[in-house]
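> Have a look at this prediction, sequence included:
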Amino acid sequence: MSTTTIGWVAPAVDIPTLDAEVTRDTGYAVVAEATSPGGVIRVRIGLDKEGRAAYMVDRKGRPVIAPSRLGFILTDHPKLDRHFALEAATTTTHDETWEQPWGEWQFRRDHHTELRVDLVQAKFENRRMSVVFRLFDDGVGFRYVFPDQAQLPVLNISDELTEFAVVDSATAFWNVAGEWSREEYIVQQTPLAEVSQSQTPMTVKTDSGLYIAFHEAALIDYAAAWLRRVDGQRLKVRLAPSSTGPSVTRPAPFATPWRTMIITDTAPDLYHSPLMLNLNEPNILGDVSWVEPFKYVGIWWDMHLGLKTWEAGPNHGATTEYTKRYIDFAAAHGFRGVLVEGWNLGWEDWFATGHLFDFVEAYPDFDLAEVAAYAREKGVRIVGHHETAGNAARYEAQMEAAFALYLQHGVDSVKTGYVADAGGAQLSAPDGTVYFTWNDSQDMVRHFQRVTETAAKYRIAVNTHEPIKDTGLRRTWPNWVSREGQRGMEYNCWGNPPNPPEHEVNLVFTRMLSGPMDFTPGILSLQGNGQPIYSTKAKQLALYVVLYSPIHMAADLIEHYERDMAAFQFIKDVPTDWSDTRMLSGEPGEHALIVRKTRGGRDWYLGAVTNAEARQVTVALDFLDPGAYEAQIYRDGDDADFRTETRHSLVIETRNVTAADSLTLYLAPGGGQAIRFRAL
């Protein structure tokens, strides 16, 4: 058993004098440099004797990223690589605090130094390319900017030369990219030198104890970036391929997505970083009060268990009467939404085809108007569902009508799905022919953006499954509220193998660094389709705090909740919108402990999860506001263990506490703990 004692302590910053000299034998002459506002991070730009551009990153005077190349390979012009010279370098600073309409934190500070480096290739008609770096005290983001220039009016990009050369030996937590199941793979823990090709976010821990999370921000009209290890610990961007030509085709002027690195002394500080959101543009939708965080139940787990079907038939799930039963349950227990999957025509031959889907016509045994009206009477909203099976071409042809139908019936949120093997998404060419492409290709990035913007016209929030990865666009389009993008709860039902006990811990330090995830927790039965779930009951409750989403599903069958109302109480109570969040303790592959304060109130909620190892953690409660609180504790029983029937062992108890107190939490193997701190 591991024992940890923690409390909330602001990190101290000890910054040695930064060395302005070029590291010996790098082969690059520094032409520009800048430091973050607190002097923690320094970036230097170098050019070698052949005019290749590279950047280097130091933190507190120590090298973190060795010289790493910048540039592009084009399909119709010479590379943007050699023969660069510095034209200009400018530095500016920025400091503001902005408010999120919903989120883990109500307010976020954006304090950075910006370094813009303008490069010119005299050999190739003075082609120009700029690289813009934003330096925060907890990391770096950089992107390329291409001006309007006659000598390069359109960029046809086959790949980037962008590199990340990690200096210190490191362990990586990563998820394989470019394989058939998109992002839905178990997170691997290996030496960085053994990574093949990774999705982002990818997190590494160096042997010196530094943490680096690699990702991208503001992915718009561009191919997603994978990270391919090329040698040693040198990572190189690989753009998701196109099936019709270059990975990216863009007319100038334009800017690429940001390449990001969060760099911290502790694993929790990776999660605390606002870097990625700060690299996205502010909300462009105006008043988004119609985007409401909420919890929901739905017709979903039944199908994964094989008890109901998506398609019509004797066991059809999405019938009018069965949906009304869920509406009654939601109304009785304070849930805003009821998800209805399988209501529309076309499920008879759907996987990876989607050629039969009709997004406005219902099966004969489902009456959308009647169901929506019944829900309104009960104070409940229907959560819409658009499964496309990756057939974005068919979906786009019906999208306006589908959203208009939902608006007509008061449906203000929709779950979309793209279940198809990687490379199996379908889109329409300008001449109307259908072609196949990758889920994270530039063309599909454009599609996901079209869906979000079209939904916003109808004041509908979007929760994307089998999505393009999250890159912080929820700041710009706050109606893109959540997405999947990793192995969710359904893999515990039929996955071979199911999610391992450390899965959710690893998500905190990889997938969750990109944004909200609709994981669909709360399976209190702890039973999949013929296989147990590797979790204790307390862990299922804790996931509502640990895995953030402004929408959360109570995913189990409602009859299972009706048989376990004591545990279900926490799911009923826990909010989905917060004013403050703090990870008090955590380590990739081991455990995570997070507290969140409800927005507009004084209550706090705690969630802690562990791997297959039992763990004891002592928590100082100094995050609480002044005054007395009742701690409503949902903890693993002393005999709880995910490997046996004792995984159901749950103890519910209360005690009065203040900010001067501490609690010792016991987390069973595969277990967790959930606490509501109710202000008295």
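On my side now, so go ahead.
> Scan the helices and strands of this protein for the one with the lowest mean pLDDT.
For the chain, using mean pLDDT, DSSP states H and E, the weakest element among its helices and strands is strand 2-6, scoring a mean of 39.
> Give me the below-cutoff pLDDT ranges for this protein.
In the prediction, the chain carries residues with pLDDT under 70 at positions 1-25.
> how close does the residue sitting furthest away from the middle of it get to Ile45?
Counting by CA atoms, centre = their mean, the extreme residue of the chain relative to its mean C-alpha position is Lys123, 42.2 Å from that point. For Lys123, the distance to Ile45 equals 20 Å [CB to CB, to the nearest Å]. All C-beta atoms are positioned from the backbone trio N, CA, C, and that covers glycine.
> still on that earlier bit, partners of the helix or strand following the least confident helix or strand of the chain in the sheet?
Next helix or strand after strand 2-6 toward the C-terminus (DSSP states H and E): strand 29-35. Applying DSSP bridges, strand 29-35 is found paired with strand 41-47 (antiparallel).
> After the strand it pairs with, which helix or strand is next? Please name it.
Beyond strand 41-47 in the direction of the C-terminus, DSSP H and E gives the next helix or strand as strand 53-59.
> Identify each buried residue in whichever helix or strand comes after that following strand, please.
On the C-terminal side of strand 53-59, the nearest following helix or strand under DSSP H and E is strand 62-69. When neighbours are counted by 16 or more other CB atoms under 10 Å, the buried residues of strand 62-69 are found to be 63-69.
> Which residue, other than its chain neighbours, is closest to Trp494?
Asn529 (5.0 Å; CB to CB, 6 or more residues apart in numbering).
> Return the distance of that neighbour relative to Gln449.
According to CB to CB, Asn529 and Gln449 sit 35 Å apart.
> between these two, which one's more packed in?
Gln449 (17 against 14; other CB atoms under 10 Å).
> for the closest residue to Asp110 other than its chain neighbours, what are its contacts?
The spatially closest residue to Asp110, leaving aside those adjacent along the chain, is Asn278, at 4.1 Å (CB to CB, 6+ apart). Counting by CB atoms under 8 Å, 6 or more residues apart in numbering, Asn278 makes contact with 108, 110, 112, 134, 136.
> So which of these is the closest to Phe519?
When the contacts of Asn278 are compared for distance to Phe519 (CB to CB), Arg108 wins out at 23.1 Å.
> on that earlier part again, confirm for me that the residue farthest from the centre of the chain is in contact with Phe84.
No: contact criterion CB atoms under 8 Å: Lys123 and Phe84 do not qualify, at 9.4 Å.
> re earlier: ok, the closest residue to the residue farthest from the centre of the chain other than its chain neighbours - how many residues close by?
The shortest distance from Lys123 to any residue that is not its chain neighbour, by CB to CB, 6+ apart, is 4.2 Å, and that residue is His83. As a burial measure, the neighbour count of His83 was computed by other CB under 10 Å and equals 18.
> Would you mind listing the buried residues in stretch 605-612?
Neighbour-count burial for stretch 605-612, counted by 16+ other CB under 10 Å, picks out 605-611.
> gap between the two ends of stretch 457-466?
Start and end residues of stretch 457-466 are separated by 23 Å (CA to CA, to the nearest Å).
> For Ala429, see how far away Thr309 is.
Taken as CB to CB, the spacing of Thr309 relative to Ala429 amounts to 34 Å.
> out of the two, which sits in the busier spot?
Each of Thr309 and Ala429 had its neighbours counted (other CB under 10 Å), and the higher figure belongs to Thr309 (16 against 11).
> Beta-bridge partners for that one, please?
In beta-bridge terms (that is, DSSP bridges), Thr309 pairs with His316.
> Give me the distance between it and Asp358.
Between Thr309 and Asp358 the distance, using CB to CB, works out to 17 Å.
> What of Ala402?
In this structure, Ala402 and Asp358 are 9 Å apart, going by CB to CB.
> What of Pro191?
Between Pro191 and Asp358 the distance is 50 Å, computed by CB to CB.
> how many other residues sit next to His316?
That count, for His316 with other CB under 10 Å as the rule, works out to 21.
> go on, Asp638?
Here the number of neighbours of Asp638 (other CB under 10 Å) works out to 10.
> likewise Gln151?
Residues near Gln151, counting by other CB under 10 Å, number 11.
> same thing with Arg59?
Arg59 has 24 neighbouring residues, counting by other CB under 10 Å.
> for Thr598, same thing?
Other residues within reach of Thr598, judged by other CB under 10 Å, total 20.
> how much space is there between it and Glu630?
Computed as CB to CB, the Thr598 to Glu630 distance reads 15 Å.
> Also Glu341?
Where Glu630 is concerned, Glu341 sits at a distance of 38 Å (CB to CB).
> So for the two, which sits in the more crowded spot?
Between Glu341 and Glu630, counting by other CB under 10 Å, Glu341 is the more crowded of the two (22 against 15).
> can you tell me which residues contact the more buried one?
Contact analysis of Glu341 by CB under 8 Å, 6+ apart lists 298-300, 303, 310, 317-318, 385, 387, 415.
> how does it look with 6 Å?
Shown here is Glu341, whose contacts under the criterion CB atoms under 6 Å, 6 or more residues apart in numbering are 299-300, 385.
> and the residue lying closest to it once chain neighbours are set aside, what element?
Here the nearest residue to Glu341 in space, its sequence neighbours aside, is His385; by CB to CB, 6+ apart that works out to 4.8 Å. Following DSSP H and E, the helix or strand that holds His385 is strand 381-387.
> Okay, now the sheet partners of that strand, with direction.
Taking DSSP bridges, the sheet neighbours of strand 381-387 turn out to be strand 337-340 (parallel), strand 413-417 (parallel).
> Return the most buried member of these.
Among the strands paired with strand 381-387, strand 337-340 has the highest mean neighbour count (mean count of other CB atoms under 10 Å), at a mean of 26.
> ok, and what's touching it?
For strand 337-340, with CB under 6 Å, 6+ apart as the criterion, the contacting residues are 294, 296-300, 318, 323, 326-327, 330, 380-383.
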